[in-house]
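# missing the sequence, but the structure's below:
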């Protein structure tokens, strides 16, 4: 027995180890190839394949390389293995992707964009890792834009071959999916149009292979991480329409290969909260598009802004419209031959440097036609776009107009009429004993100015009303909101405050104030007014309120009325919220309240 055993051992030991391993790998490879059909059939079945818009050859005996959307290595249409591409965009592929799909041995490109997929099956990456004889698909591109994905659990186990991950326009919610930081091989990452909230983690700096990062219209909050500056390979960084606050980190100047940097806001998204100084970006030699529009950047434009940019012969686009930049336009920008420069709606003053006005290629050639006006309208004038175009001329304002360049309306909201905020706000300040306010930041400058001139002689250059505490202005410098709640105001609110045509919100709640008898008689002049808050004040009459036709939110809780609710109130058919709790009102609520058919609360 022992002799036979020894003989067998000797026979086995004469087989080369490498031949044994090679045979095992060959068997595994053949087995994996043989499984490609079953993997695809499982995918077809799991995703309601019978309902696909195009399912040509799927589930039939035809070679899998001939199935719709399948490509195999070498372009074969007769083969039954070596699938390297699956492209089935907008094909009504529904439900959950089976994890086995990620064990196709040669799959490099998977595109399922525009399908109602609820689960991407990323746990298949880990399962393939843990299954003997099965390898993870060597994916390079994974395109799942426009699906219904609610999470991407398991993506951290994606193969290190993955370069391009597209997850835009899904239903991702909650904190930033930190598993992404495990996929350090990524070159391109798209997260646009998702509901991811919170801040971008500082570990974003570990994604040092990223070339393109897109996250448009994602409600990120907090500051832009300075760690972005560690992404020195980044070429495109697009984070438009987010909710960032704070300053722009100077470390962004370290992204030496950056060509596109867009963190601005669209008009639909409204004003952003980025503030502080505008960096020079003087080290970004290849930058061709910079967008921080519709934020609250202040300070001056640096003299070395774009100083070392090497795209002097190409079009350079800079969007800084709708911020709070001050000072002048630096003449040093004139060394760039072709630039589309957006500066409208700031607080810039002239003159515009001749070095810029002579650049015929600026503003896509409009400077050659219209000179400086093609860049920004002169102070004291306006146009719809804040500059002259083929269809929009700079129009001179009447009277005492804004001293700022590039305005989209005359101060006060009209080129021919309207209140002058630099006179209305001092009247409000004096009438409500501004020297005794709890917070009079900005407003207190009025006292100093009035020591040297009469209030009737005040001009826009005496102070910037947009810097007053509680005052919010539009990007054009027009007053949008006055919010002075619980600020120790005392006295009678002057009627002139309701002649500001662009004011949308007025809040004087929780103060010892009443209304000028004619106040509401002029409220029709505030044609944009949508929110009026007079809670817990001494206001006792609403006569004339009917003129506030645009009013949507009215808060009168805690006031004492001299009479029953007036008929004027029930003409405000745009009202959506009316608060009169804890108020002393005579009589009963009339049936006319039924006319307020938009009322929600």
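Arrived safely. Here the structure is a predicted model, which is why all the values come from computation and not from measurement.

# show me the contacts for the closest residue to residue 348 other than its chain neighbours.
In space, not counting the residues next to it along the chain, residue 348 is nearest to residue 405; the distance is 4.7 Å by Cβ to Cβ, 6 or more residues apart in numbering. For the C-beta atoms, the positions are set from N, CA and C on the backbone; glycine is no exception. Contact analysis of residue 405 by Cβ atoms under 8 Å, 6 or more residues apart in numbering lists 329, 343, 346, 348, 349, 350, 352, 376, 377, 378, 379.

# Let's see that with 10 Å instead.
When the contact criterion is Cβ atoms under 10 Å, 6 or more residues apart in numbering, the partners of residue 405 are 328-329, 343-352, 372, 375-381, 386-387.

# Okay, and which of those map to strands?
Secondary structure assignment (DSSP state E) places 347, 348, 381 from these within strands.

# Tell me what the last one is bridged to.
Which is residue 381. With DSSP bridges applied, residue 381 shows beta-bridge pairing to residue 396.

# ok so, going back, from residue 351, how far off is the residue nearest to residue 348?
9 Å (Cβ to Cβ, to the nearest Å).

# shared neighbours of those two, which are they?
Taking Cβ under 10 Å, 6+ apart as the criterion, residue 405 and residue 351 both touch 328, 329, 372, 378, 379.

# any idea which of those has the most stuff around it?
residue 329 (27 neighbours; other Cβ atoms under 10 Å).

# Which residue, neighbours along the chain excluded, lies closest to that one?
Among residues not flanking residue 329 along the chain, residue 352 sits closest, at 5.7 Å (Cβ to Cβ, 6+ apart).

# what do you get for residue 466?
If the residues on either side of it in the chain are set aside, residue 466 comes closest to residue 473, at 3.8 Å by Cβ to Cβ, 6+ apart.

# Can you list phi and psi of that neighbour for me?
Residue 473 adopts backbone torsions of phi -120, psi 160, taken as degrees, to the nearest 10.

# re the thing from before, list only buried entries from the ones in strands among the contacts of residue 405.
The neighbour-count test (16 or more other Cβ atoms under 10 Å) applied to those identifies 347, 348, 381 as buried.

# Nearest to residue 484, out of the residues you listed: which one, please.
Using Cβ to Cβ, residue 347 is the member of these that lies nearest residue 484, at 22.8 Å.

# Could you pull up the contacting residues of the closest one?
Contacts here follow Cβ under 10 Å, 6+ apart; on that basis residue 347 touches 298, 323-327, 402-407, 464, 466-467, 473, 477.

# if we can go back for a sec, surely the residue nearest to residue 466 touches residue 324?
Yes. When contacts are counted by Cβ atoms under 10 Å, residue 473 is listed as touching residue 324 (8.7 Å).

# Overlap in contacts, the two.
Residues touching both residue 473 and residue 324 (Cβ under 10 Å, 6+ apart): 345, 347, 464, 466, 467.

# which residues touch the first one?
Under the criterion of Cβ under 10 Å, 6+ apart, the contact list for residue 345 reads 293-294, 320-325, 376, 385-386, 404-409, 473-477.

# Also residue 506?
In this structure, residue 506 makes contact with 479, 481-484, 493, 497-498, 500, 523, 526, 529, 531-534, judged by Cβ under 10 Å, 6+ apart.

# quick one, helices of the chain?
Secondary structure of the chain (DSSP state H): helices at 2-13, 17-46, 123-130, 354-357, 366-370, 421-431, 445-450.

# name the helices or strands packed onto the fifth one?
Meaning helix 366-370. Packed against helix 366-370, as judged by 3 or more Cβ pairs under 10 Å, 6 or more residues apart in numbering; DSSP states H and E, are the following elements: strand 339-342, helix 354-357.

# how about a markdown table for the ones you listed, with mean pLDDT and mean neighbour count added?
Formatted as a markdown table, the helices and strands packed on helix 366-370 follow (pLDDT from 0 to 100; neighbours: other Cβ atoms under 10 Å):
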| stretch | mean pLDDT | mean neighbour count |
| --- | --- | --- |
| strand 339-342 | 96 | 22 |
| helix 354-357 | 91 | 16 |
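
# any chance of those in a markdown table, with distance to residue 451 too?
Supplementary listing: those in a markdown table, determined by distance: least, Cβ to Cβ, whole Å:
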| stretch | distance to residue 451 |
| --- | --- |
| strand 339-342 | 40 |
| helix 354-357 | 39 |
